[in-house]
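Chemist: Take this sequence and fold it.
(4 chains)
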2 protein chains.
Amino acid sequence: MTGIAQRVAGFEGQLRDAGLRMTQQRRLILRVLAEADDHPDAKGIFTRAFALDPTLSLSTVYRTMKVLETQGAIERHAFEDGVSRYEHADQEHHDHLIDVESGEVIEFSSDAIEELQRRIAAELGYELVRHRLELYGRKKRPGVRGKKG
Amino acid sequence: MTGIAQRVAGFEGQLRDAGLRMTQQRRLILRVLAEADDHPDAKGIFTRAFALDPTLSLSTVYRTMKVLETQGAIERHAFEDGVSRYEHADQEHHDHLIDVESGEVIEFSSDAIEELQRRIAAELGYELVRHRLELYGRKKRPGVRGKKG
DNA sequence: ACGCTATTGCAACGCACTTGCATTTGTCAA
DNA sequence: TTGACAAATGCAAGTGCGTTGCAATAGCGT
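Modeler: Numbers count the residues shown, from 1 in each chain, chains lettered A, B, ... in the order given. The predicted structure is shown next:
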């Protein structure tokens, strides 16, 4: 895993190249994101960041998320409830499985499914640009399999 | 294809069994949905239905969509823009490919991808409950293939 | 240190969707 | 048919997430 400090520093240069500024607020939000191992929404990010700097405002979070997304520093997802959730983007492409009972989000990736999607699009006469795949599942209890359980 | 009239009549019985009423508004919305071959949102359905009966209100459309979904008469999807789109449910399961240029929605289904998803979930220790799969693609121009085109 | 302008906080706004309430209207029983 | 009761409707107000106009603040190059 890359260190948080390096990540933030690296992003600072990226911003500067785009003529943007590395503000206290952006640094703070970036840190919260880097420390997150889940998929928080704007309010969640705000809450965590606000605890560290109570002058932060929610609209700054929204604006910052937009900047970060444009810069490719984070990825935005909207699961079933429709609210935008974020994760930092310094990782391999992956899709998500959501536990329908707990709401827990599990990441996974499958070359087979990526390839299959590309092929399906091709068969329909399309070049695949991107996709959205979410699996919703229920945890299997080990030892219970089949109707006769 | 099933006739619209039968579909509406069939649904009427379904409603009655659930202790609900077949009102003029529901009949009207059902007809609009049956005649739609696209994936309209609530406002789109309202516009089409309003043209046939200008006493209809938008909140009735929203409420009716909820009833229809609960009864399993329609399916709700939310693509990238987040607004809910609807289609009648008397068809096989399918996923969607969205043309990123025109917004056109193409339906497709693939047993291979269904099976693969089930397997992936199983490998993570989950039983697949449902999924959401959307492909976003760009129309391939015939005769242009590869970089040297 | 200075000045330009990006960025911020705040409050107001936009949009999709929901809801409280008084009124209308299916439906079922007589 | 008619009557009555609960379900459904229209309207307007309310939610919730996200955006935006504006005046004040603060990065950053000089």
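
Chemist: where does chain A have low pLDDT?
Modeler: A:1-4, A:143-149 (pLDDT under 70).

Chemist: mind listing what's buried in the lengthiest strand in chain A?
Modeler: For chain A, the strand that runs over the most residues, judged by DSSP state E, is strand A:126-139. Buried residues in strand A:126-139, counting neighbours by 16 or more other C-beta atoms under 10 Å in any protein chain shown, are found at A:126, A:128, A:131-137. In short, each C-beta sits where N, CA and C put it, glycine included.

Chemist: which among those residues gets closest to DNA strand C?
Modeler: A:Arg132 (16.8 Å; C-beta to the nearest atom of the strand).

Chemist: do you know how far the closest one is from DNA strand D?
Modeler: 15 Å (C-beta to the nearest atom of the strand, to the nearest Å).

Chemist: Spatially nearest residue to that residue (excluding sequence neighbours)?
Modeler: B:Glu134 (4.6 Å; C-beta to C-beta, 6 or more residues apart in numbering or on different chains).

Chemist: ok now do the one you found, which residues does it touch?
Modeler: The contact partners of B:Glu134, by C-beta atoms under 8 Å, 6 or more residues apart in numbering or on different chains, come to A:131-133, B:79-80, B:95-98.

Chemist: from these, which two are the most distant?
Modeler: The most widely separated members of the contacts of B:Glu134, counting by C-beta to C-beta, are B:Glu80 and B:Asp95 (14.5 Å).

Chemist: Same drill for the two, tell me which one is more crowded.
Modeler: A count of neighbours by other C-beta atoms under 10 Å in any protein chain shown puts B:Asp95 above the other of B:Glu80 and B:Asp95, at 21 against 13.

Chemist: ok, and the closest non-adjacent residue to that one?
Modeler: Counting by C-beta to C-beta, 6+ apart, the residue nearest B:Asp95 is B:Leu133, at 4.3 Å.

Chemist: what sits against that neighbour?
Modeler: Counted by C-beta under 8 Å, 6+ apart, B:Leu133 has contacts A:117, A:131-134, B:95-96, B:113, B:117.

Chemist: Okay, and the beta partners of it?
Modeler: A:Leu133 (DSSP bridges).

Chemist: interface residues of chain A facing DNA strand C?
Modeler: Contact residues, chain A versus DNA strand C (C-beta under 7 Å from any atom of the strand): A:15, A:19-21, A:23, A:25-26, A:55-57, A:59-60, A:63-64, A:67.
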